[in-house]
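Trainee: what's the 3D shape of this:
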Amino acid sequence: MDRVLNDLRHALRTLRNAPGFTVVAVLTLALGIGANSALFSVVKGVLLTPPPYPRPEQLVHLAPDFAAFGLTAVSSSVPEYRDYVTHTRAFSSLAAFHRGDVTLTGQESPRRFHAITGTASFLPTLGVSPVLGRGFTEEEETPGRDKVVILTDTVWRSAFAKDPEVLGRTLRLDGVAHTVVGVLPPGVAYPEDTELYLPFAPAPDQKEEARRGNRNLAVLARLKPGVTLDAARADLVRMGAERPPELVRSYKEAGWSMSVTSLEDKMVGGVRKTLWLLWGAVGFVLLVACSSVANLLLARAVARGREVSIRAALGAGRGRLVAQFLT
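Mentor: From the prediction side, this is the model:
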C-alpha cells in the first residue's frame, strides 16, 4: 500500500511539474469521454430502454398505404377502424386515437396542453391502468357523455401539485367542462409529450361509408401471443379481400395495402441509424483522443530515459518501473 501511495505522490508531482502536458491530456480525454457519455445517455434512453408498457414487442401501429396515389402510412377513418376491430383475428385489442391541443381556462392564466382523444380501449391496449381513478368506459364514447379527462403524472404534479383530491374536479377545456376521472402512472405518456387523454366520441352518421375518406385516426393494436408482423399483415390482406365487392374494387384501384409497424420502430425508427452512426463517430473521437494521449506519454517516456536508467541501476525492477509509469 505504501508503494502505491508513493507512486501516486510521484505521479502528481510529475504532472504538476508539466502543466502544459497535464492540461492537454486532461482536456483531450475529457472531450472524448464527455462526448461518449452524453451520447450514450441518449442512445440508452432512446434505443436500449424498452417502452414502459407490458410486452411492448406486441404493440404495433396499423396504417393504410395507397400506392396509386403515392401515399404511405396514412391515417385511418372511423369505418376502417371498425373493420379492423370486427374482421381481424391477429390482434387481442385495437385502439384509435388522434392528437390535438386543448386550452385549460378558469385558472389564474390559460394553459395549453397536448391531448390525445382516443377510444376506451386505448389504455388497455397499451396495458396501462390509472394509479388514481379509472380509465374510460365504452359509454363515454357517446357524444354528450364524453366530457371526462385523464391526467398524466406530469400534469398532475405540475398543474395540481399531486392533489389526491383531483378526482372529480371540473376542468374547462376549450370552454367545455370536463371531469377528471383518472391519473396515469409516472413515465406513461404515449405518444410522447401527451399531457391529457380525452375519450373519442364520433358523431353518429347514417352514411358511414361516405366517411371512409375522412382520415384522422392513428390505430394502435396489440398482437395476440405468438403472432408475427408478417402474420398480422396477412390477416389484414384477408380482411381487405372479404369487404363488400364495391369496396374491394375501389381499394384495389387505389393500390391499397396495410403497414404494420412495431411500436419501437414507430417511436425511434427515424433516428435509430442516425444515433448509431453518431455514437460510432464519437467512439472514434475517443479512440483518437486516447491515441493522442498515448503518443504524448510515449514522448515523455523517451525523455525520461536517463531517469529510468538511474532507477534501474539503483535496483528498481521492471515490474516496479512499469507500475510507476501506469500510475
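Trainee: For the stretch 151-300 of the chain, give me the ranges with low pLDDT.
Mentor: For the stretch 151-300 of the chain, the stretches flagged by pLDDT under 70 are 205-210, 269-271.
Trainee: Show me the longest strand that occurs in the protein.
Mentor: In the chain, taking DSSP state E as the definition, the longest strand is strand 91-105.
Trainee: If we go by neighbour counts, what in that strand is buried?
Mentor: Along strand 91-105, the positions that meet the burial threshold by neighbour count (16 or more other CB atoms under 10 Å) are Phe91, Ser93, Leu94, Ala95, Ala96, Phe97, Val102, Leu104. C-beta coordinates here come from the backbone N, C-alpha and C atoms, glycine included.
Trainee: Next secondary structure element downstream of it?
Mentor: If you walk from strand 91-105 toward the C-terminus, the next helix or strand you reach (DSSP states H and E) is strand 111-118.
Trainee: Going by neighbour count, list what's buried in that following strand.
Mentor: Phe113, His114, Ala115, Ile116, Thr117, Gly118.
Trainee: repeat for stretch 29-41
Mentor: Of all the residues in stretch 29-41, those buried under the rule 16+ other CB under 10 Å are Gly32, Ala35, Asn36, Leu39.
Trainee: quick one on the thing from earlier: quickly check the buried residues of strand 91-105 for the two that are furthest apart.
Mentor: When the buried residues of strand 91-105 are compared pair by pair using CB to CB, the two farthest from each other are Phe91 and Leu104, 34.5 Å apart.
Trainee: Which secondary structure state does Thr261 sit in?
Mentor: Three-state assignment for Thr261 (DSSP: H, G, I helix; E, B strand; the rest coil): strand.
Trainee: for it, what are its contacts?
Mentor: Residues near Thr261 by CB atoms under 8 Å, 6 or more residues apart in numbering: Val60, His61, Ala63, Ala73, Gly269.
Trainee: Tell me, how many residues neighbour the closest residue to the third one other than its chain neighbours?
Mentor: Take Ala63 and drop its neighbours on the chain: the residue closest to it by CB to CB, 6 or more residues apart in numbering is Ala73, 4.1 Å away. By the criterion of other CB atoms under 10 Å, Ala73 has 14 neighbours.
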